[in-house]
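Colleague: what follows is a predicted structure for the sequence shown.
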Amino acid sequence: MRIATFNVNGINTRLPNLLQWLEAERPDVVCLQELKADQHAFPLAALEAAGYGAVWQGQRSWNGVAILARGATPVLTRRRLPGDPDDAQARYIEAAVDGVLVASLYLPNGNPRPGPKFDDKLAWFERLIAHAAELMAAGVPVVLAGDYNVVPTEADIYPGHREKENALLAGQSRSAFARLVDQGWTDALRQRHPEGRLWTFWAYLHQRWPNDKGMRLDHLLLSPNLAFRLTEADVSRDVRGKAGASDHAPAWLVLGPETRRRGARKPKASA
DNA sequence: ATGACCGTACGATACGGA
């Protein structure tokens, strides 16, 4: 089972790139962020023609998240992160696909720091940590995938950067991410590649892509009852190099088949 | 560095993004 996360930066403008990538990699589950499209402007017909069902939470101009499933429609469980009834931004959606609970999330950027936007980022993070703790306690097989807008460590950004004030690298952002992971989640990309570059984002400005000056912002966290099935994880860097690309590349993982329990045959997981 | 690049909504410019 191949699960990917991709900040598309405008799903309608990016539709040709998205469809090309779906056709090339055929992921089973896809978490999308930054749809930048109203609920009614989601390109469902084009995605269905490509073989995918979808649930999504749209928003005009900004934000917007979706979950796609190949050959199925994800079973929606939430379209809001609990904890703040006044939060009107489309930054979280959650659905069940083939026995796995999948969350597609888009954390607030938080810049400039300090300021109210950074405070909002930390508040959203606390809500995510609280909800993740509930999912963990419930023992559900979960993948929390998306654009966390956090560079977890200095190994996750190009050397020589001068981003001291950036909310993506701030100690409070990093410690919040660490507290989340420390609940027992597995950071799938780092698990498979303990060393080396795993950039998922290269800014449009400053020749960042040609110079390979990127950051790792997009993460897939696995609950323990899925982490043991992790066989592969990586970033599809080539997607970032295409004409008309998003400033993010897809990150993905592969879960191997479930182990068969004695006396209980389980359906074979799809590759 | 009031810069750049990109998508959106708007309407020929402003804002958000990271």
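Modeller: Good, I have the coordinates.

Colleague: burial check on the closest residue to residue A:200 other than its chain neighbours, number of neighbours?
Modeller: Closest residue to residue A:200 apart from its sequence neighbours, by CB to CB, 6 or more residues apart in numbering: residue A:218 at 4.0 Å. To be clear about C-beta, it is placed using only N, CA and C from the backbone, and glycine gets the same treatment. Neighbours of residue A:218 under the rule other CB atoms under 10 Å: 29.

Colleague: is it true that residue A:218 touches residue A:251?
Modeller: Yes: using CB atoms under 8 Å, residue A:218 is in contact with residue A:251, at 4.7 Å.

Colleague: joint contacts of these two?
Modeller: Both residue A:218 and residue A:251 are contacted by A:5, A:6, A:145, A:200, under the criterion CB atoms under 8 Å, 6 or more residues apart in numbering.

Colleague: isn't the second one up against residue A:29?
Modeller: This points to residue A:6. No: taking contacts as CB under 8 Å, residue A:6 lies outside contact range of residue A:29: 11.3 Å.

Colleague: so for those two, which sits in the more crowded spot?
Modeller: Neighbour comparison, residue A:6 and residue A:29: the larger count goes to residue A:6, with 33 against 27 (by other CB under 10 Å).

Colleague: quick check: whichever residue of chain A sits closest to DNA strand B vs residue A:35, distance?
Modeller: Using CB to the nearest atom of the strand, the closest approach of chain A to DNA strand B is made by residue A:10 at 2.7 Å. Distance, residue A:10 to residue A:35, by CB to CB, to the nearest Å: 7 Å.

Colleague: between those two, tell me which one has more neighbours.
Modeller: Per other CB under 10 Å, whichever of residue A:10 and residue A:35 has more neighbours is residue A:35, with 28 against 16.

Colleague: chain neighbours aside, what residue packs nearest to the more buried one?
Modeller: residue A:64 (2.8 Å).

Colleague: surely that neighbour touches residue A:40?
Modeller: No: with contact defined as CB under 8 Å, residue A:64 does not count as touching residue A:40 (11.9 Å).

Colleague: and for these two, which residues touch both?
Modeller: Counting by CB under 8 Å, 6+ apart, the shared contacts of residue A:64 and residue A:40 are residue A:58.

Colleague: which one of the two has more residues nearby?
Modeller: The residue with more neighbours, out of residue A:64 and residue A:40, is residue A:64; 28 against 7, by other CB under 10 Å.
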